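A.B. asks: This is a predicted model, with the sequence first.
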Amino acid sequence: MELSTPVCFDLSLVIPVLDEQESLVQLHRQIVETADAQGWTFELIFVDDGSRDQSWQMITTLARQDPRVRGIRFRRNFGKAAALSAGFANSRGTFVVTLDADLQDDPAEIPKLISELAGGSDVVSGWKQTRHDPWHKRWPSKAFNWLVGWLSGVRIHDHNCGLKAYRREVLSEVPLYGELHRFIPVLAAARGFRVSEVVVRHRPRQHGQSKYGVSRLTKGLLDIVTVNFLTGYGQRPLHWMGRWGLLAVACSAAGLIYLSAGWIWSRMHQDIPDWHLHQRALFYFSILGLILGAQLVVTGLLAELLVAEGQRPKRSYAIRETTDR
C-alpha cells in the first residue's frame, strides 16, 4: 500500500460506506462541526464499497456542496479492508482517522485520538467500553479480543472498533488485504510502532442493520492465525513449518523404531505372539506422520525460497567490476 500523495491537510478521515444513505448527511455535519471547532484543515474521504442504495448519490451531493468531501466508488463490494486501503492511498493528511458510517462511532471523540497521537503514539484504537450491541455480538467480541491479545502481545480491548487514528507513516508500512483491517494495531506493533487506546463513546445504531454475521467469527479466527504467522514468522517461515514437521518426523520415527523392535523381539522369542505391523494402528499413524512432517519441511523450504526471491535485487546479471573511480 503506497502513500505517494503529498501531505496537504492536518487530518484525513476515511469512511467505508455500504448501504448507509440515511446516515451520511448527519455524519458529515457532525464531522464538520468537530473539525471546525478544533481548527483543523481536513479532507473527508467516503469509499462506497458497492452500495446498492443511494449512498453514492448522497456522496456526490456532499462533494458538490463541500470541497473537502471526496468520494471513491468501487465497481462492486470488495470488503472493508479494500475500502480502507483505497482511502489510505488517496489520503493527504498528516494524521488519518477511520470511522464507520453508521453513526455508532461518535466524531466528537476524534480529538481524544488526535491528542493521543500528539502525545507520542503512532496508532490509537478506540475502546467502546460501553457497547450498545446485543449480547451475541459483545461476548464473542470479548473472546476474540482476548485471544488476539494473548497471541500477539498487543493487549487492547477492542480490535474491532472502527474508530482509529494513525500517523501517516504507519500506513505506508503495514500491509492491508483480505480482512486484516482489524489487525492494523497488531501489524503496526510488529513493525515497532507504538500502539495505545482511548475510551470512546459508542452510540446505538439509528439506521440500517449490521453488516456482520456469524461468518465473521470463523473468518476472524482464521485471520488470527494469519496475523500470528505474519508477525512471528513472515520472514522465516521454515522456523514455524520446520518445527512442526521435525516434531512429526521425530514422533513417527520413534513409533516405527518401537514397532521394529517389537517385531524383532517377537521373532527372537517363540513364546511371544508375532507382531503383525499392518494390524497395528501405530504403524499407520507413524507413516502418516512421516509424510506430513516431510511435507511441512519441504513447504517451509519453498516458502523460504519465495521470501528470499522477494528480497533479491531484481536484475538478471552480476557485475564483477567497473572502471568507475
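C.D. replies: Structure received. Keep in mind that this is a model prediction, so the values were computed, not measured.
A.B. asks: quick one: the strands in the chain?
C.D. replies: Along the chain, counting by DSSP state E, strands occupy 9-17, 42-48, 69-73, 93-98, 123-127, 164-167, 195-199.
A.B. asks: next one: the second one to chain centre, how far?
C.D. replies: It stands for strand 42-48. Strand 42-48 has its average C-alpha position 21 Å from the chain's average C-alpha position, going by CA atoms, centre = their mean, to the nearest Å.
A.B. asks: Give me the helices and strands touching it, please.
C.D. replies: Identification of packing neighbours for strand 42-48 by 3 or more CB pairs under 8 Å, 6 or more residues apart in numbering; DSSP states H and E yields strand 9-17, helix 24-38, helix 55-65, strand 69-73, helix 80-89. C-beta here means a position set from N, CA and C on the backbone, and glycine is covered the same way.
A.B. asks: Dump the ones you listed to CSV, plus distance to Arg205.
C.D. replies: Listed next are the helices and strands packed on strand 42-48 as CSV, based on distance: least, CB to CB, whole Å:
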stretch, distance to Arg205
strand 9-17, 15
helix 24-38, 13
helix 55-65, 16
strand 69-73, 23
helix 80-89, 17
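A.B. asks: Pick the most deeply packed of these.
C.D. replies: Between those, strand 9-17 has the highest mean count of neighbours, a mean of 25, where neighbours are mean count of other CB atoms under 10 Å.
A.B. asks: What strands flank it, and is each parallel or antiparallel?
C.D. replies: In the sheet containing strand 9-17, its partner strands are strand 42-48 (parallel), strand 93-98 (parallel), by DSSP bridges.
A.B. asks: Strand 69-73 and that one, what's the angle between them?
C.D. replies: Here strand 9-17 points in a direction 40 degrees away from that of strand 69-73 (axes from the mean of the first three to the mean of the last three CA atoms, to 10 degrees).
A.B. asks: Would you mind writing the CA trace of strand 9-17 as CSV?
C.D. replies: Only the C-alpha atoms of strand 9-17 are listed here, as CSV (Å, rounded to 0.1, in the frame of the first residue of the first chain):
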residue,chain,number,x,y,z
PHE,A,9,-4.1,18.6,5.5
ASP,A,10,-3.9,18.2,9.2
LEU,A,11,-6.3,15.3,9.1
SER,A,12,-7.8,12.8,6.6
LEU,A,13,-11.0,11.0,7.6
VAL,A,14,-11.5,7.7,5.7
ILE,A,15,-15.0,6.2,5.9
PRO,A,16,-16.1,3.0,4.2
VAL,A,17,-19.7,3.1,3.1
